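> sequence first, then the predicted structure:
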There are 2 protein chains.
Amino acid sequence: MGRETYQVPVNDVFVANRKKLRDKMRAANVQEGIIYLKGGPSETRFDSDHEPIFRQESYFWYLSGVKEPDCSMSIDIRTGETTLYIPKYPPSYATIMGRIRNPQEWQSLYCVDHVKYAEDVEDDLFRACSQQPTSNVNAHGPETPKIFLMNGLNSDSGKMYQPPVDIIDSEKLKDLLDTKTLFPILAECRVVKSSTERSLIQHVTEVTSFAHAYVMRNMQPGMMEYQAESLFRHYCYYNYGCRLVGYTPICGCGPNSAVLHYGHAGEPNARQSLDGDICLFDMGAEYFGYGSDVTCSFPVNGKFSIKQRQIYEAVLQAQIEVYRMIKPGVSWVACHKTAEKTIIQALANIGLIKLHDKSLDELVEIRLGAVFMPHGLGHLIGIDTHDVGGYLPGKQMRIQLPGLKSLRTARYLEEGMTLTVEPGCYFIDHLLDEALADGSPLKGYLDSNKIDEYRGFGGIRLEDVICVSDCGCVNYTLCPRTIAEVEHVCAGKPWPPTIDEAPELLRTRLTDTTPLL
Amino acid sequence: MGRETYQVPVNDVFVANRKKLRDKMRAANVQEGIIYLKGGPSETRFDSDHEPIFRQESYFWYLSGVKEPDCSMSIDIRTGETTLYIPKYPPSYATIMGRIRNPQEWQSLYCVDHVKYAEDVEDDLFRACSQQPTSNVNAHGPETPKIFLMNGLNSDSGKMYQPPVDIIDSEKLKDLLDTKTLFPILAECRVVKSSTERSLIQHVTEVTSFAHAYVMRNMQPGMMEYQAESLFRHYCYYNYGCRLVGYTPICGCGPNSAVLHYGHAGEPNARQSLDGDICLFDMGAEYFGYGSDVTCSFPVNGKFSIKQRQIYEAVLQAQIEVYRMIKPGVSWVACHKTAEKTIIQALANIGLIKLHDKSLDELVEIRLGAVFMPHGLGHLIGIDTHDVGGYLPGKQMRIQLPGLKSLRTARYLEEGMTLTVEPGCYFIDHLLDEALADGSPLKGYLDSNKIDEYRGFGGIRLEDVICVSDCGCVNYTLCPRTIAEVEHVCAGKPWPPTIDEAPELLRTRLTDTTPLL
């Protein structure tokens, strides 16, 4: 995005991603055929001509880096040759949308082997399959290579990725289609990030971190929640060319800090903050199709109250305990339970939880932690905020228990995975009431009177983006995190610091001021 | 949106809009039956769980002001009673999205008579129609009142507003549906704005104007185009609670200023500005569902070059000539031609156009103006940037000639219409080449050598939002417009001014510093 913004080596990202996919297909014993993906279409809002800013479909972005709508791409598994199919624009397009690029320009811009017009795609795919030499022979003779299409469930949305209708409905292609093989392989490709992808995610997380510090420094009691959102967006876009955010900023103050996805159209960050409020701001920039997802919680007046400090320290300690255990091979479910256990311990220390006869581990197992943290510890992150591959065939399945059922993955950690670590502790009336109701197995372990003192407090969440490295965890997030750091930044002091006062947070680049690229 | 932001009297907007629709239905001799409209659904991006910020469908907004997705509304034409149908949320919704409002709260929030759950809508509509007393009798006996659904063409997008599938496909309701009557009447309702709507559009246009002045003051050579977009968005959101913009900001510098809808995902305002560039910034805020649409053009270095001044003054003069003629009863096509004529005259003075034997009017008629202004003079504006009703059955039809075919309406002006007035003059290579080609009827009237001197210049557009008043025109736009004003603001001087140096621009509130409401 020009000037001093982060320069992405296009070749290193998308050509490498395509190579990885092709290698994995071949490793799955698919030596020939064509991979075909369609990018997102241009769309307008309802019946009007209002065009929201187009953002490419994520799988297509992963393989192509094409920012324009109405394109598609094929990859020849045998040769690796890539063809980009582009729309044919009328000359009047140039007046309205800008100079029409010729095919050679598309080719060099997106590092593909061939560029053709979208209108020819059906014939072209047919020809490519029919003419491809094949090594597969079945009872009826040589088998024509297949066209591999995406088709599968997104485990975060519950929605299906549907194969493109024009291809599925094609009479000509109907015997050539395979809609089973590609999806799990391509989803799995996206789970472990390449080093270029990791650098991108690290960069956008650093931008996000400094934007959070900027908001923290500028927030004052009496300001509207949306002013924080505006400061964040402006900081990321104006300074670092991040036009989009990864998700709608969640800027809850006071009681709204306990609403996990506050900030949507029905609750549009429109409350005025009051002295004494906790601010829970969950905001992440997006750059070059890769996003971040970071949450800071801080007192709007810049000084933690005793209660705020107690809950904040519980959540921060949960992050630290999780960082201690993260390394390849560790179960994400175990990490989640460690966070819960840390928070239960802290709440017991304050007197909100009564241990009685139970150990901390036993309280974790009866799902007491889910009363205070009714969401998963974190999720894979990349091109999507909730990145794909959390639950795939042959991997760990979802656990159907309170709290754990909200985990967006139950996998074992692998080197190169990027995840959020976001423990939280909230006081949500209807969850507390449920747990305190007669007959609830949790009732005996909660001090109802003490809990009443914390109702209306809201919640605290601390969310970092980390990468699993060969021997542990690299924390990409460079936010103020300790009580002292937060109060320091709220008081208008500079950030980042010159000395890292909490090395246990593993913020590797905290005091390193050189740009990433 | 709290603090000092504009307070909208909900009752005055939507209850009044509903009353207007009902009155117009009755005036069209529809005395009974039910009007039914469905709001926009909640949606996620492709297969992911990414939720863009929901923005209500515009017709539904016009009648309801409901900011949440998944609602619908019925209006009883006989009694005027309004029913809002809301989704039923599971208790877990509260944890994620916020406290679940009860029906009584919805009722008072949106000033409706009844609130019911969306799942009951089919039965409810059936009952409402069957039980309604009817005065219509046909050959077979009394006629059951109808359910009136929206169904019709949006003349800006070319897309159809489709009636809701669940109602259209309902076996129970199939004999009760009328999909012809409602659309033209409701579209026509939106054409002439109520006084509350006008105040809203005036307010958001004033915010937009001051945001433009802010961007103008902060723009310097070397800055990226998107930094202007970021400044604009931040100014409007941070200071005035405008979370959304009416359309993707168009921030073209240098040659990009000649690309009419620059700024989209394929050309994302990502060029660095250079000393000597003209900036053409077309940006409008949205507040409470109503938008503005304003364009300023200014030299990035703050001082007009001779060429920039020549073209700028031509376009500004075109605005002034149009303002002189705007009043109820005047044809919008005539306004467009006046703008073209003014620009042709100016270009003739500079030497780009040769009059020869022709009068200015004759040059307008051979469509010479469309070479330099290949878009319409302006459009209706309101809830949509290109607001509906430009072409409706029984009104003036679209003229299929260069330039004129781009007009988004050919209607006669009426008191209370809000429109943009946006003459422009651009140097677009492929249009110039076409006009200068052998055999072109325009060739003889253009000085090819002189035109070559202006190639690469880009373009100038000046766009205001105005309202047709009983005796003329009220300009809601309070931007720096004269050369002196623009250079003054570019130099960092204050805006708005204390003295109006160009009263012919009809900026009624330019020196009035009291807030609108």
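Sure, I can see it. What you see is a predicted model, and the numbers here were worked out from it, not measured in a lab.
> any idea how far the lengthiest helix in chain A is from the chain center?
Ordering each helix of chain A by length in residues (DSSP state H) puts helix A:195-218 first. Taking Cα atoms, centre = their mean, to the nearest Å, one finds helix A:195-218 lying 14 Å from the centre of the chain it belongs to.
> likewise stretch A:375-394?
The answer for stretch A:375-394 is 7 Å, by Cα atoms, centre = their mean.
> check stretch A:69-78 too.
Stretch A:69-78 sits 25 Å away from the centroid of its parent chain (Cα atoms, centre = their mean).
> how long is it from one end to the other?
28 Å (Cα to Cα, to the nearest Å).
> so which residue is dead centre in chain A?
Closest to where the C-alpha atoms of chain A average out (Cα atoms, centre = their mean) is A:Thr385, at 2.0 Å.
> mind giving me the domain split of chain A?
A:10-190, A:192-505 (automatic domain parsing).
> next one: phi and psi at the closest residue to A:Ala128 other than its chain neighbours?
Among residues not flanking A:Ala128 along the chain, A:Ile34 sits closest, at 5.4 Å (Cβ to Cβ, 6 or more residues apart in numbering or on different chains). For every residue, glycine as well, the C-beta is placed using N, CA and C. The phi/psi pair for A:Ile34 (degrees, to the nearest 10) reads phi -120, psi 130.
> ok, now which ones touch A:Ile34?
Counting by Cβ atoms under 8 Å, 6 or more residues apart in numbering or on different chains, A:Ile34 touches A:74-77, A:125, A:128-129, A:132, A:145-148.
> again, only this time at 7 Å
Listed by Cβ atoms under 7 Å, 6 or more residues apart in numbering or on different chains, the contact set of A:Ile34 reads A:74-77, A:125, A:128-129, A:145, A:147-148.
> can you tell me which of those residues has the most neighbours?
A:Phe148 (28 neighbours; other Cβ atoms under 10 Å in any protein chain shown).
> would you mind measuring from it to chain B?
Plainly put, A:Phe148 is 17 Å away from chain B if you go by Cβ to the nearest Cβ, to the nearest Å.
> follow-up on the earlier one: pretty sure the residue nearest to the centre of chain A is touching A:Gly291, no?
Yes: with contact defined as Cβ atoms under 7 Å, A:Thr385 reaches A:Gly291; the gap is 5.4 Å.
> just give the number of residues close to the spatially closest residue to A:Glu422 that is not a sequence neighbour.
Using Cβ to Cβ, 6+ apart and skipping residues adjacent in sequence, the residue nearest A:Glu422 is A:Glu463, 3.4 Å away. Using other Cβ under 10 Å, A:Glu463 has 25 other residues around it.
> try A:Glu4
If we define neighbours as other Cβ under 10 Å, then A:Glu4 has 10 of them.
> again, but for the one 4 residues further on
Applying the criterion other Cβ under 10 Å, we find 20 residues in the vicinity of A:Val8.
> who is the residue nearest to A:Glu422 paired with across the strands?
Beta bridges link A:Glu463 to A:Thr295, judged by DSSP bridges.
> show the contacting residues for it.
Taking Cβ under 7 Å, 6+ apart, we find A:Glu463 in contact with A:282, A:293-295, A:420, A:422.
> A:Ala370 and A:Gly403 touch, don't they?
Yes: the criterion here is Cβ under 7 Å, and A:Ala370 meets it with A:Gly403 at 3.0 Å.
> quick check: end-to-end length of stretch A:487-495?
Stretch A:487-495 has its terminal residues 12 Å apart, counting by Cα to Cα.
> and it, how far out from the chain's middle?
28 Å.
> give me the distance between A:Leu516 and A:Ser195.
Per Cβ to Cβ, to the nearest Å, A:Leu516 is found 12 Å from A:Ser195.
> name the SS class of A:Ala16, please.
For A:Ala16, the assignment made with DSSP: H, G, I helix; E, B strand; the rest coil gives helix.
> thinking it is in contact with A:Ser194, fair?
Yes: A:Ala16 is within contact range of A:Ser194, at 5.5 Å (criterion: Cβ under 7 Å).
> what comes up buried for the helix or strand in which A:Glu105 is found?
For A:Glu105, the host element (DSSP states H and E) is helix A:103-109. Neighbour-count burial for helix A:103-109 flags A:106-107, A:109 (criterion: 16 or more other Cβ atoms under 10 Å in any protein chain shown).
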